[in-house]
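Visitor: here is my input; please provide its structure:
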Amino acid sequence: MTSDPLSEKTRRPSFEVHPVNNGGFVIDDGGRTVALVTRRGYVDWLRRSPQEAGECIRHLPKDTHTSYVRGFKFNLHVPYLTDASGRAGTKLFAIEHRVEEGGARVTLSGRGRRADGRFESLTEATMSLSPDGLRYEWKLRTTITHLGDKAHTLNEIEYNNLYPSRAYRGILHQGEKEFTRTLFEDEEGTVWDFPHQHAFHYGKKISTLRFGRSSWAGFFDSPEGCPVITVTESALPLHWPICDMYYDLHCAARAPYEFQPHETITFVYAIGYLDADEAKTWAQGARRIGVTEAEWAGHTSARFDFGLNSFESAVQIDSVDDACFYRPSPPERVWDREAGPTGKGSLRLTSEGETVVWTSEPPFHAINGTTLRIAGRVRTEAVSGRGFFFRLHYYHYVWEPAPGFEPIRTIESEAITGTLADWRTITLPPMEIPPGPVEDGMLRLELVLEGSGIAWATDIDVGIADEPEDQQTTEAAALPSPAYTLT
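Guide: Reported below is the predicted structural model:
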(Lines give C-alpha, C1' and ligand atoms only; values in the text may rest on other atoms or scores of the structure.)
Protein backbone atom coordinates (compact mmCIF):
# COMPACT_ATOMS: atom_id res chain seq x y z
CA MET A 1 0.00 0.00 0.00
CA THR A 2 1.44 3.38 -1.00
CA SER A 3 0.90 6.41 1.25
CA ASP A 4 0.30 9.95 0.14
CA PRO A 5 1.64 12.94 2.08
CA LEU A 6 0.74 13.14 5.77
CA SER A 7 -1.89 15.81 5.17
CA GLU A 8 -3.91 13.22 3.25
CA LYS A 9 -4.35 11.17 6.40
CA THR A 10 -6.54 13.66 8.19
CA ARG A 11 -8.32 15.44 5.39
CA ARG A 12 -12.08 15.29 4.84
CA PRO A 13 -13.10 13.18 1.88
CA SER A 14 -14.51 14.96 -1.12
CA PHE A 15 -16.62 12.33 -2.85
CA GLU A 16 -17.76 12.88 -6.43
CA VAL A 17 -19.95 10.68 -8.62
CA HIS A 18 -19.28 10.41 -12.36
CA PRO A 19 -21.36 8.54 -14.98
CA VAL A 20 -19.56 6.00 -17.16
CA ASN A 21 -20.48 3.45 -19.83
CA ASN A 22 -23.42 1.04 -19.76
CA GLY A 23 -25.41 3.13 -17.31
CA GLY A 24 -22.92 2.70 -14.49
CA PHE A 25 -21.00 5.27 -12.50
CA VAL A 26 -17.90 5.63 -10.35
CA ILE A 27 -17.27 7.25 -6.97
CA ASP A 28 -14.08 9.31 -6.73
CA ASP A 29 -12.27 10.93 -3.83
CA GLY A 30 -9.44 13.33 -4.55
CA GLY A 31 -9.51 12.48 -8.26
CA ARG A 32 -9.02 8.75 -7.67
CA THR A 33 -11.75 6.12 -7.95
CA VAL A 34 -12.92 4.53 -4.71
CA ALA A 35 -15.77 2.36 -6.03
CA LEU A 36 -17.39 1.16 -9.25
CA VAL A 37 -21.18 0.82 -9.50
CA THR A 38 -22.88 -1.05 -12.34
CA ARG A 39 -26.42 -0.51 -13.58
CA ARG A 40 -27.25 -4.01 -12.30
CA GLY A 41 -26.47 -2.93 -8.75
CA TYR A 42 -23.02 -4.43 -8.14
CA VAL A 43 -20.61 -2.24 -6.15
CA ASP A 44 -16.88 -2.96 -6.41
CA TRP A 45 -15.10 -1.12 -3.57
CA LEU A 46 -11.51 -0.55 -4.70
CA ARG A 47 -9.64 1.78 -2.34
CA ARG A 48 -9.69 0.98 1.36
CA SER A 49 -8.40 4.32 2.61
CA PRO A 50 -7.58 7.85 1.39
CA GLN A 51 -3.88 6.97 1.76
CA GLU A 52 -4.08 4.07 -0.69
CA ALA A 53 -2.82 4.70 -4.19
CA GLY A 54 -5.44 4.54 -6.91
CA GLU A 55 -6.39 5.47 -10.43
CA CYS A 56 -9.09 7.47 -12.14
CA ILE A 57 -11.39 4.95 -13.82
CA ARG A 58 -13.92 5.89 -16.48
CA HIS A 59 -14.86 2.50 -17.96
CA LEU A 60 -16.60 -0.54 -16.46
CA PRO A 61 -15.59 -3.80 -18.20
CA LYS A 62 -18.59 -5.84 -17.02
CA ASP A 63 -21.98 -5.57 -15.36
CA THR A 64 -22.20 -8.57 -13.11
CA HIS A 65 -20.88 -10.05 -9.92
CA THR A 66 -18.88 -12.98 -11.23
CA SER A 67 -16.11 -11.11 -12.97
CA TYR A 68 -13.30 -8.72 -12.25
CA VAL A 69 -13.67 -8.32 -8.51
CA ARG A 70 -10.91 -5.79 -8.11
CA GLY A 71 -11.58 -4.78 -4.53
CA PHE A 72 -14.56 -5.98 -2.49
CA LYS A 73 -17.95 -6.40 -4.08
CA PHE A 74 -21.49 -6.23 -2.65
CA ASN A 75 -25.02 -5.81 -4.04
CA LEU A 76 -27.67 -3.12 -4.08
CA HIS A 77 -30.31 -5.74 -4.86
CA VAL A 78 -31.35 -8.88 -2.97
CA PRO A 79 -29.70 -11.98 -4.50
CA TYR A 80 -32.23 -14.67 -3.49
CA LEU A 81 -35.78 -14.87 -2.20
CA THR A 82 -36.58 -18.51 -2.82
CA ASP A 83 -39.98 -20.13 -2.48
CA ALA A 84 -41.74 -23.23 -3.75
CA SER A 85 -41.80 -21.80 -7.28
CA GLY A 86 -38.03 -21.49 -7.53
CA ARG A 87 -34.94 -19.45 -6.74
CA ALA A 88 -35.08 -15.77 -7.67
CA GLY A 89 -33.86 -12.47 -6.34
CA THR A 90 -34.92 -8.90 -6.95
CA LYS A 91 -33.97 -7.08 -10.13
CA LEU A 92 -33.18 -3.38 -9.84
CA PHE A 93 -35.65 -0.99 -11.37
CA ALA A 94 -34.12 2.16 -9.84
CA ILE A 95 -30.62 3.08 -8.68
CA GLU A 96 -29.80 6.51 -7.24
CA HIS A 97 -26.94 8.29 -5.55
CA ARG A 98 -26.51 11.44 -3.53
CA VAL A 99 -23.46 13.24 -2.16
CA GLU A 100 -23.97 14.64 1.34
CA GLU A 101 -22.22 16.87 3.88
CA GLY A 102 -20.21 18.70 1.26
CA GLY A 103 -18.74 15.50 -0.16
CA ALA A 104 -17.95 13.82 3.18
CA ARG A 105 -20.56 11.08 2.56
CA VAL A 106 -22.03 9.40 -0.46
CA THR A 107 -25.17 7.26 -0.39
CA LEU A 108 -26.30 4.70 -2.96
CA SER A 109 -29.81 3.30 -3.06
CA GLY A 110 -31.09 0.41 -5.13
CA ARG A 111 -34.74 -0.55 -5.47
CA GLY A 112 -35.55 -3.99 -6.80
CA ARG A 113 -38.55 -6.19 -7.42
CA ARG A 114 -38.89 -9.93 -7.87
CA ALA A 115 -40.11 -10.93 -11.32
CA ASP A 116 -43.46 -12.22 -10.03
CA GLY A 117 -44.12 -8.92 -8.22
CA ARG A 118 -44.47 -10.50 -4.77
CA PHE A 119 -41.48 -8.81 -3.13
CA GLU A 120 -39.58 -5.54 -3.32
CA SER A 121 -36.21 -4.64 -1.83
CA LEU A 122 -34.43 -1.43 -0.95
CA THR A 123 -30.73 -1.33 -0.09
CA GLU A 124 -29.13 1.92 1.00
CA ALA A 125 -25.34 2.01 1.31
CA THR A 126 -23.51 5.03 2.74
CA MET A 127 -19.73 5.45 2.50
CA SER A 128 -17.76 7.78 4.75
CA LEU A 129 -14.53 7.78 6.71
CA SER A 130 -14.13 5.69 9.85
CA PRO A 131 -14.07 7.61 13.16
CA ASP A 132 -10.25 7.61 13.19
CA GLY A 133 -10.27 9.15 9.71
CA LEU A 134 -7.92 6.52 8.30
CA ARG A 135 -10.24 4.20 6.38
CA TYR A 136 -13.38 4.26 4.31
CA GLU A 137 -16.33 2.26 5.61
CA TRP A 138 -19.84 1.41 4.45
CA LYS A 139 -23.06 1.38 6.46
CA LEU A 140 -25.95 -0.47 4.84
CA ARG A 141 -29.64 -1.04 5.41
CA THR A 142 -31.66 -3.59 3.42
CA THR A 143 -35.43 -3.90 3.63
CA ILE A 144 -37.51 -6.65 2.04
CA THR A 145 -41.24 -6.03 1.65
CA HIS A 146 -43.94 -8.57 0.86
CA LEU A 147 -46.41 -6.90 -1.52
CA GLY A 148 -49.07 -9.62 -1.49
CA ASP A 149 -52.39 -9.77 0.34
CA LYS A 150 -51.83 -13.34 1.54
CA ALA A 151 -49.12 -14.90 3.69
CA HIS A 152 -46.21 -16.29 1.68
CA THR A 153 -43.36 -18.56 2.79
CA LEU A 154 -39.77 -18.07 1.68
CA ASN A 155 -37.35 -20.97 1.97
CA GLU A 156 -34.25 -18.83 1.38
CA ILE A 157 -33.64 -15.19 2.28
CA GLU A 158 -30.30 -13.79 1.12
CA TYR A 159 -30.14 -10.03 1.60
CA ASN A 160 -26.61 -9.56 0.20
CA ASN A 161 -23.61 -11.42 -1.16
CA LEU A 162 -19.99 -10.42 -0.61
CA TYR A 163 -17.09 -11.15 -2.97
CA PRO A 164 -13.50 -10.52 -1.87
CA SER A 165 -10.72 -9.49 -4.21
CA ARG A 166 -10.25 -11.78 -7.22
CA ALA A 167 -13.19 -14.00 -6.29
CA TYR A 168 -14.72 -16.34 -8.86
CA ARG A 169 -11.57 -16.74 -10.91
CA GLY A 170 -11.38 -20.37 -9.82
CA ILE A 171 -8.27 -22.39 -9.15
CA LEU A 172 -6.63 -21.24 -12.38
CA HIS A 173 -5.82 -18.02 -10.53
CA GLN A 174 -5.37 -19.46 -7.06
CA GLY A 175 -1.95 -17.84 -6.61
CA GLU A 176 -3.54 -14.39 -6.80
CA LYS A 177 -6.04 -14.85 -3.99
CA GLU A 178 -5.59 -12.79 -0.85
CA PHE A 179 -7.63 -14.72 1.70
CA THR A 180 -7.40 -18.29 2.97
CA ARG A 181 -10.25 -18.61 5.48
CA THR A 182 -13.64 -17.24 6.48
CA LEU A 183 -14.55 -16.60 10.12
CA PHE A 184 -18.01 -16.32 11.73
CA GLU A 185 -19.24 -15.47 15.22
CA ASP A 186 -22.15 -17.59 16.50
CA GLU A 187 -24.85 -16.60 18.99
CA GLU A 188 -22.69 -17.76 21.92
CA GLY A 189 -19.80 -15.55 20.86
CA THR A 190 -17.70 -18.45 19.53
CA VAL A 191 -15.67 -17.65 16.42
CA TRP A 192 -15.58 -20.47 13.84
CA ASP A 193 -12.78 -20.89 11.31
CA PHE A 194 -13.60 -22.26 7.84
CA PRO A 195 -10.50 -22.79 5.63
CA HIS A 196 -11.00 -22.10 1.92
CA GLN A 197 -10.99 -25.21 -0.23
CA HIS A 198 -12.93 -26.77 -3.10
CA ALA A 199 -13.56 -30.41 -2.31
CA PHE A 200 -15.86 -30.32 0.71
CA HIS A 201 -19.15 -28.44 0.79
CA TYR A 202 -19.61 -26.60 4.09
CA GLY A 203 -23.41 -26.38 3.88
CA LYS A 204 -24.16 -29.15 6.37
CA LYS A 205 -21.51 -27.90 8.78
CA ILE A 206 -22.79 -24.34 8.82
CA SER A 207 -26.37 -25.54 9.26
CA THR A 208 -25.41 -27.01 12.65
CA LEU A 209 -24.35 -23.56 13.94
CA ARG A 210 -26.75 -20.98 15.31
CA PHE A 211 -26.34 -17.25 14.85
CA GLY A 212 -28.28 -14.56 16.66
CA ARG A 213 -29.84 -11.41 15.27
CA SER A 214 -26.45 -9.73 15.42
CA SER A 215 -23.20 -11.30 14.27
CA TRP A 216 -20.09 -10.75 12.18
CA ALA A 217 -18.24 -12.62 9.45
CA GLY A 218 -15.22 -11.90 7.29
CA PHE A 219 -12.31 -12.99 5.12
CA PHE A 220 -8.95 -13.38 6.84
CA ASP A 221 -5.19 -13.87 6.42
CA SER A 222 -4.32 -10.98 4.11
CA PRO A 223 -1.52 -8.69 5.37
CA GLU A 224 -3.17 -5.84 3.44
CA GLY A 225 -6.33 -5.92 5.56
CA CYS A 226 -9.33 -8.17 6.14
CA PRO A 227 -12.90 -7.23 5.08
CA VAL A 228 -15.56 -7.86 7.72
CA ILE A 229 -19.35 -7.47 7.76
CA THR A 230 -20.94 -6.66 11.12
CA VAL A 231 -24.71 -7.06 11.44
CA THR A 232 -26.23 -4.99 14.25
CA GLU A 233 -29.93 -5.46 13.52
CA SER A 234 -31.89 -8.27 11.92
CA ALA A 235 -35.56 -9.14 11.91
CA LEU A 236 -34.66 -12.85 11.85
CA PRO A 237 -31.85 -15.08 13.14
CA LEU A 238 -28.89 -14.82 10.79
CA HIS A 239 -27.26 -17.47 8.63
CA TRP A 240 -23.88 -17.40 6.83
CA PRO A 241 -23.70 -19.88 3.95
CA ILE A 242 -20.20 -19.85 2.46
CA CYS A 243 -19.44 -20.78 -1.12
CA ASP A 244 -16.31 -22.89 -0.79
CA MET A 245 -15.59 -22.87 -4.52
CA TYR A 246 -15.59 -19.15 -5.20
CA TYR A 247 -15.03 -17.65 -1.74
CA ASP A 248 -18.13 -15.50 -1.72
CA LEU A 249 -20.08 -15.05 1.50
CA HIS A 250 -23.87 -15.32 1.42
CA CYS A 251 -25.49 -12.93 3.88
CA ALA A 252 -28.74 -14.63 4.79
CA ALA A 253 -31.44 -15.16 7.38
CA ARG A 254 -32.45 -18.55 8.65
CA ALA A 255 -35.45 -19.82 6.71
CA PRO A 256 -38.17 -20.91 6.06
CA TYR A 257 -40.07 -17.81 7.13
CA GLU A 258 -43.72 -16.97 6.50
CA PHE A 259 -44.21 -13.34 5.47
CA GLN A 260 -47.48 -11.82 6.50
CA PRO A 261 -49.34 -9.56 4.02
CA HIS A 262 -47.35 -6.35 3.41
CA GLU A 263 -44.75 -7.26 6.05
CA THR A 264 -41.31 -5.63 5.89
CA ILE A 265 -38.15 -7.04 7.43
CA THR A 266 -34.91 -5.08 7.88
CA PHE A 267 -31.19 -5.83 8.08
CA VAL A 268 -28.71 -3.19 9.32
CA TYR A 269 -25.01 -3.87 8.82
CA ALA A 270 -21.60 -2.33 8.15
CA ILE A 271 -18.68 -3.36 5.95
CA GLY A 272 -15.12 -2.32 6.71
CA TYR A 273 -11.51 -3.46 6.78
CA LEU A 274 -9.45 -4.62 9.76
CA ASP A 275 -5.71 -4.05 9.70
CA ALA A 276 -3.41 -6.99 10.38
CA ASP A 277 -3.26 -6.44 14.15
CA GLU A 278 -7.01 -6.00 14.45
CA ALA A 279 -7.60 -9.14 12.39
CA LYS A 280 -5.38 -11.16 14.73
CA THR A 281 -7.40 -9.93 17.70
CA TRP A 282 -10.74 -10.79 16.08
CA ALA A 283 -9.47 -14.23 15.07
CA GLN A 284 -7.92 -15.03 18.44
CA GLY A 285 -9.31 -18.24 19.87
CA ALA A 286 -11.18 -19.17 16.68
CA ARG A 287 -12.22 -22.82 16.52
CA ARG A 288 -11.39 -24.75 13.36
CA ILE A 289 -14.54 -26.37 12.01
CA GLY A 290 -14.42 -30.09 12.70
CA VAL A 291 -14.51 -32.67 9.91
CA THR A 292 -14.86 -36.38 10.73
CA GLU A 293 -12.90 -39.16 9.09
CA ALA A 294 -16.08 -40.41 7.42
CA GLU A 295 -16.75 -36.95 5.96
CA TRP A 296 -13.16 -36.65 4.83
CA ALA A 297 -13.25 -40.06 3.11
CA GLY A 298 -16.51 -39.24 1.38
CA HIS A 299 -15.20 -36.05 -0.18
CA THR A 300 -11.62 -36.91 -1.09
CA SER A 301 -11.54 -37.13 -4.85
CA ALA A 302 -9.25 -36.95 -7.82
CA ARG A 303 -8.25 -33.45 -8.74
CA PHE A 304 -5.70 -31.44 -10.69
CA ASP A 305 -3.80 -28.59 -9.11
CA PHE A 306 -3.51 -26.53 -12.30
CA GLY A 307 -0.09 -25.10 -12.99
CA LEU A 308 1.46 -26.72 -9.94
CA ASN A 309 0.95 -30.43 -10.56
CA SER A 310 1.35 -31.35 -6.90
CA PHE A 311 -0.25 -34.79 -6.73
CA GLU A 312 1.75 -36.01 -3.73
CA SER A 313 -1.10 -35.88 -1.20
CA ALA A 314 -4.85 -36.37 -1.04
CA VAL A 315 -7.27 -33.47 -0.86
CA GLN A 316 -7.13 -32.18 2.72
CA ILE A 317 -10.70 -31.09 3.31
CA ASP A 318 -9.95 -29.99 6.86
CA SER A 319 -7.13 -27.66 5.85
CA VAL A 320 -6.49 -25.04 3.20
CA ASP A 321 -6.69 -26.63 -0.22
CA ASP A 322 -7.29 -24.72 -3.44
CA ALA A 323 -7.42 -27.83 -5.58
CA CYS A 324 -10.14 -28.45 -8.12
CA PHE A 325 -11.79 -31.83 -8.06
CA TYR A 326 -13.31 -33.71 -10.94
CA ARG A 327 -16.85 -35.03 -11.25
CA PRO A 328 -17.02 -38.16 -13.35
CA SER A 329 -19.73 -39.73 -15.46
CA PRO A 330 -20.49 -42.53 -14.64
CA PRO A 331 -20.22 -41.56 -10.96
CA GLU A 332 -17.30 -43.73 -9.78
CA ARG A 333 -14.25 -41.62 -9.04
CA VAL A 334 -11.09 -43.28 -10.26
CA TRP A 335 -7.69 -41.91 -9.36
CA ASP A 336 -5.03 -44.43 -10.34
CA ARG A 337 -2.22 -43.92 -7.82
CA GLU A 338 -0.06 -46.53 -9.54
CA ALA A 339 -0.08 -45.05 -13.03
CA GLY A 340 1.74 -41.84 -13.88
CA PRO A 341 4.91 -40.70 -15.66
CA THR A 342 6.44 -39.47 -12.41
CA GLY A 343 4.63 -41.76 -9.97
CA LYS A 344 2.16 -39.08 -8.93
CA GLY A 345 -0.90 -40.90 -10.18
CA SER A 346 -3.37 -40.19 -12.96
CA LEU A 347 -7.05 -39.95 -13.70
CA ARG A 348 -8.38 -43.18 -15.25
CA LEU A 349 -11.41 -43.34 -17.53
CA THR A 350 -12.91 -46.69 -18.51
CA SER A 351 -15.65 -47.21 -21.06
CA GLU A 352 -17.38 -50.22 -22.60
CA GLY A 353 -18.71 -48.13 -25.46
CA GLU A 354 -20.57 -45.26 -23.81
CA THR A 355 -19.12 -41.76 -23.75
CA VAL A 356 -17.40 -40.95 -20.44
CA VAL A 357 -16.77 -37.29 -19.60
CA TRP A 358 -14.85 -35.91 -16.64
CA THR A 359 -15.62 -32.21 -16.10
CA SER A 360 -13.54 -29.75 -14.09
CA GLU A 361 -15.41 -28.18 -11.18
CA PRO A 362 -15.65 -25.33 -10.58
CA PRO A 363 -15.32 -23.60 -13.96
CA PHE A 364 -12.63 -20.96 -14.15
CA HIS A 365 -12.86 -17.35 -15.20
CA ALA A 366 -11.78 -16.24 -18.68
CA ILE A 367 -9.65 -13.08 -18.57
CA ASN A 368 -10.27 -10.71 -21.48
CA GLY A 369 -7.39 -10.07 -23.84
CA THR A 370 -5.45 -13.25 -23.06
CA THR A 371 -4.63 -16.54 -24.75
CA LEU A 372 -5.07 -19.81 -22.88
CA ARG A 373 -3.14 -22.99 -23.63
CA ILE A 374 -3.88 -26.34 -22.01
CA ALA A 375 -1.82 -29.50 -22.38
CA GLY A 376 -1.60 -32.81 -20.58
CA ARG A 377 0.04 -36.21 -20.66
CA VAL A 378 -2.09 -39.18 -21.67
CA ARG A 379 -1.85 -42.94 -22.16
CA THR A 380 -4.42 -45.33 -23.65
CA GLU A 381 -5.17 -49.04 -23.81
CA ALA A 382 -7.28 -50.56 -26.60
CA VAL A 383 -9.27 -47.38 -27.21
CA SER A 384 -11.69 -47.62 -30.13
CA GLY A 385 -14.36 -45.31 -31.50
CA ARG A 386 -13.60 -41.63 -31.76
CA GLY A 387 -11.03 -41.87 -28.97
CA PHE A 388 -9.73 -39.95 -25.98
CA PHE A 389 -9.41 -36.14 -26.14
CA PHE A 390 -9.60 -32.86 -24.20
CA ARG A 391 -12.44 -30.40 -24.73
CA LEU A 392 -12.69 -26.79 -23.53
CA HIS A 393 -15.96 -24.83 -23.40
CA TYR A 394 -15.96 -21.01 -23.42
CA TYR A 395 -19.29 -19.46 -22.48
CA HIS A 396 -20.63 -16.23 -21.05
CA TYR A 397 -23.48 -14.66 -19.13
CA VAL A 398 -26.35 -12.90 -20.89
CA TRP A 399 -29.19 -10.85 -19.41
CA GLU A 400 -31.79 -10.97 -22.18
CA PRO A 401 -34.25 -12.45 -22.91
CA ALA A 402 -33.60 -14.34 -19.65
CA PRO A 403 -30.47 -14.35 -17.45
CA GLY A 404 -28.25 -17.34 -18.08
CA PHE A 405 -25.10 -18.69 -19.71
CA GLU A 406 -24.68 -19.12 -23.46
CA PRO A 407 -21.86 -20.89 -25.34
CA ILE A 408 -19.32 -18.89 -27.33
CA ARG A 409 -16.79 -21.43 -28.55
CA THR A 410 -15.71 -25.02 -27.97
CA ILE A 411 -12.31 -26.42 -28.91
CA GLU A 412 -10.93 -29.96 -28.81
CA SER A 413 -7.53 -31.61 -28.92
CA GLU A 414 -6.64 -34.42 -31.25
CA ALA A 415 -8.31 -37.73 -30.34
CA ILE A 416 -6.09 -40.65 -29.34
CA THR A 417 -7.09 -44.22 -30.28
CA GLY A 418 -5.47 -47.60 -29.94
CA THR A 419 -2.78 -48.29 -27.34
CA LEU A 420 -0.13 -45.84 -26.21
CA ALA A 421 2.42 -47.67 -24.09
CA ASP A 422 4.32 -44.47 -23.32
CA TRP A 423 2.98 -41.17 -22.05
CA ARG A 424 2.31 -38.63 -24.75
CA THR A 425 1.60 -34.91 -24.44
CA ILE A 426 -1.49 -33.59 -26.22
CA THR A 427 -2.37 -29.91 -26.48
CA LEU A 428 -5.59 -28.06 -27.07
CA PRO A 429 -5.55 -25.38 -29.75
CA PRO A 430 -5.00 -21.93 -28.21
CA MET A 431 -8.16 -20.38 -26.79
CA GLU A 432 -8.02 -16.67 -27.54
CA ILE A 433 -10.17 -14.59 -25.22
CA PRO A 434 -11.07 -11.33 -27.00
CA PRO A 435 -10.32 -7.98 -25.36
CA GLY A 436 -13.88 -6.76 -25.87
CA PRO A 437 -16.56 -6.70 -23.18
CA VAL A 438 -17.72 -10.31 -23.04
CA GLU A 439 -20.05 -10.64 -20.08
CA ASP A 440 -18.81 -13.10 -17.45
CA GLY A 441 -16.70 -15.34 -19.67
CA MET A 442 -16.13 -18.75 -18.09
CA LEU A 443 -14.16 -21.83 -19.08
CA ARG A 444 -14.85 -25.48 -18.36
CA LEU A 445 -12.41 -28.28 -19.17
CA GLU A 446 -13.62 -31.78 -20.04
CA LEU A 447 -11.69 -35.02 -20.50
CA VAL A 448 -13.66 -37.21 -22.90
CA LEU A 449 -13.45 -40.91 -23.75
CA GLU A 450 -15.81 -41.51 -26.68
CA GLY A 451 -15.73 -45.20 -27.47
CA SER A 452 -14.43 -48.22 -25.58
CA GLY A 453 -11.16 -48.86 -23.78
CA ILE A 454 -9.11 -47.29 -20.98
CA ALA A 455 -7.45 -43.88 -20.92
CA TRP A 456 -5.28 -42.09 -18.36
CA ALA A 457 -4.46 -38.38 -17.99
CA THR A 458 -2.07 -36.51 -15.71
CA ASP A 459 0.08 -33.38 -15.53
CA ILE A 460 -2.59 -31.03 -16.85
CA ASP A 461 -0.92 -27.66 -17.40
CA VAL A 462 -2.60 -24.35 -18.09
CA GLY A 463 -0.70 -21.36 -19.44
CA ILE A 464 -1.94 -17.80 -19.82
CA ALA A 465 -0.31 -15.15 -21.97
CA ASP A 466 -1.24 -11.59 -22.83
CA GLU A 467 -0.40 -12.18 -26.49
CA PRO A 468 -1.23 -15.19 -28.69
CA GLU A 469 1.53 -17.72 -29.13
CA ASP A 470 1.94 -20.50 -31.64
CA GLN A 471 0.29 -23.79 -30.79
CA GLN A 472 2.60 -26.19 -28.96
CA THR A 473 3.52 -29.47 -30.60
CA THR A 474 1.75 -32.56 -29.35
CA GLU A 475 4.91 -34.63 -28.98
CA ALA A 476 6.76 -32.36 -26.54
CA ALA A 477 8.50 -34.28 -23.78
CA ALA A 478 7.91 -31.54 -21.21
CA LEU A 479 5.14 -29.01 -20.82
CA PRO A 480 5.77 -25.26 -20.90
CA SER A 481 5.74 -23.47 -17.56
CA PRO A 482 2.44 -21.68 -17.01
CA ALA A 483 2.51 -17.91 -17.34
CA TYR A 484 0.44 -16.14 -14.70
CA THR A 485 1.45 -12.53 -15.35
CA LEU A 486 -1.57 -10.56 -16.49
CA THR A 487 -1.83 -6.89 -17.40
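
Visitor: look up how far residue 202 lies from residue 250.
Guide: 11 Å (C-beta to C-beta, to the nearest Å). Every residue, glycine included, has its C-beta placed from N, CA and C.

Visitor: and for those two, which residues touch both?
Guide: Common neighbours of residue 250 and residue 202 are listed as 241, 242 (criterion: C-beta atoms under 8 Å, 6 or more residues apart in numbering).

Visitor: how far does stretch 268-282 sit from the chain's center?
Guide: Offset of stretch 268-282 from its chain centre (C-alpha atoms, centre = their mean, to the nearest Å): 21 Å.

Visitor: got the contact list for residue 443?
Guide: 172, 363, 364, 365, 366, 372, 392, 393, 394, 431.

Visitor: any chance of CSV for these, columns neighbour count, secondary structure and distance to residue 260?
Guide: What follows is the contacts of residue 443, written out as CSV (neighbours: other C-beta atoms under 10 Å; DSSP: H, G, I helix; E, B strand; the rest coil; distance: C-beta to C-beta, whole Å):
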residue, neighbour count, secondary structure, distance to residue 260
172, 24, helix, 47
363, 22, coil, 41
364, 21, strand, 44
365, 22, strand, 42
366, 24, coil, 45
372, 21, strand, 52
392, 20, strand, 50
393, 18, strand, 46
394, 20, strand, 47
431, 19, strand, 52
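
Visitor: closest to residue 105 among these?
Guide: Ranked by distance to residue 105 (C-beta to C-beta), these are led by residue 365 at 33.7 Å.

Visitor: how much space between that closest one and residue 71?
Guide: 16 Å.

Visitor: do residue 450 as well
Guide: 44 Å.

Visitor: ok, now how distant is residue 32 from residue 241?
Guide: 35 Å.

Visitor: and the end-to-end length of stretch 412-431?
Guide: For stretch 412-431, the first-to-last residue distance is 10 Å (C-alpha to C-alpha, to the nearest Å).

Visitor: what comes up buried for it?
Guide: 413, 415-417, 420, 423-428, 430-431 (16 or more other C-beta atoms under 10 Å).

Visitor: just name the shakiest helix or strand of this protein by mean pLDDT.
Guide: strand 303-304 (a mean of 50; mean pLDDT, DSSP states H and E).

Visitor: okay, and residue 141 sits in which element?
Guide: strand 136-146 (DSSP states H and E).

Visitor: now do the contacts for the closest residue to residue 372 other than its chain neighbours.
Guide: Nearest residue to residue 372 in three dimensions, chain neighbours excluded: residue 431, at 4.3 Å (C-beta to C-beta, 6 or more residues apart in numbering). Neighbouring residues of residue 431 by C-beta under 8 Å, 6+ apart: 371, 372, 373, 374, 392, 394, 409, 411, 443.

Visitor: need the three-state assignment for the first one.
Guide: Here residue 371 is recorded as strand under DSSP: H, G, I helix; E, B strand; the rest coil.

Visitor: residue 433 is in contact with that one, correct?
Guide: Yes. At 7.1 Å, residue 371 and residue 433 qualify as touching, with contact defined as C-beta atoms under 8 Å.

Visitor: of these two, which one has the most company?
Guide: residue 433 (20 against 17; other C-beta atoms under 10 Å).

Visitor: residue 251 contacts residue 159, correct?
Guide: Yes. With contacts counted by C-beta under 8 Å, residue 251 reaches residue 159, the gap being 5.6 Å.

Visitor: so what sits against both of those two?
Guide: With C-beta under 8 Å, 6+ apart, residue 251 and residue 159 have common neighbours residue 267.

Visitor: where exactly do the strands run in the stretch 351-487 of the chain?
Guide: For the stretch 351-487 of the chain, the strands defined by DSSP state E, counting those that start in this stretch cover 364-365, 370-398, 404-412, 416-427, 431-433, 442-465.

Visitor: now swap in the stretch 201-350 of the chain and tell me
Guide: 215-220, 226-234, 238-239, 249-253, 257-259, 264-274, 287-288, 303-304, 324-327, 335-336, 346-361.

Visitor: make JSON lines from the ones you listed and add mean neighbour count and distance to residue 37 to it.
Guide: Listed next are the strands of the stretch 201-350 of the chain as JSON lines, based on neighbours: other C-beta atoms under 10 Å; distance: least, C-beta to C-beta, whole Å:
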{"stretch": "strand 215-220", "mean neighbour count": "23", "distance to residue 37": "21"}
{"stretch": "strand 226-234", "mean neighbour count": "20", "distance to residue 37": "18"}
{"stretch": "strand 238-239", "mean neighbour count": "23", "distance to residue 37": "26"}
{"stretch": "strand 249-253", "mean neighbour count": "23", "distance to residue 37": "19"}
{"stretch": "strand 257-259", "mean neighbour count": "17", "distance to residue 37": "29"}
{"stretch": "strand 264-274", "mean neighbour count": "19", "distance to residue 37": "15"}
{"stretch": "strand 287-288", "mean neighbour count": "12", "distance to residue 37": "37"}
{"stretch": "strand 303-304", "mean neighbour count": "24", "distance to residue 37": "37"}
{"stretch": "strand 324-327", "mean neighbour count": "20", "distance to residue 37": "32"}
{"stretch": "strand 335-336", "mean neighbour count": "17", "distance to residue 37": "45"}
{"stretch": "strand 346-361", "mean neighbour count": "18", "distance to residue 37": "32"}
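
Visitor: of the ones you listed, which shows the lowest average pLDDT?
Guide: Lowest mean pLDDT within the strands of the stretch 201-350 of the chain: strand 303-304, a mean of 50.
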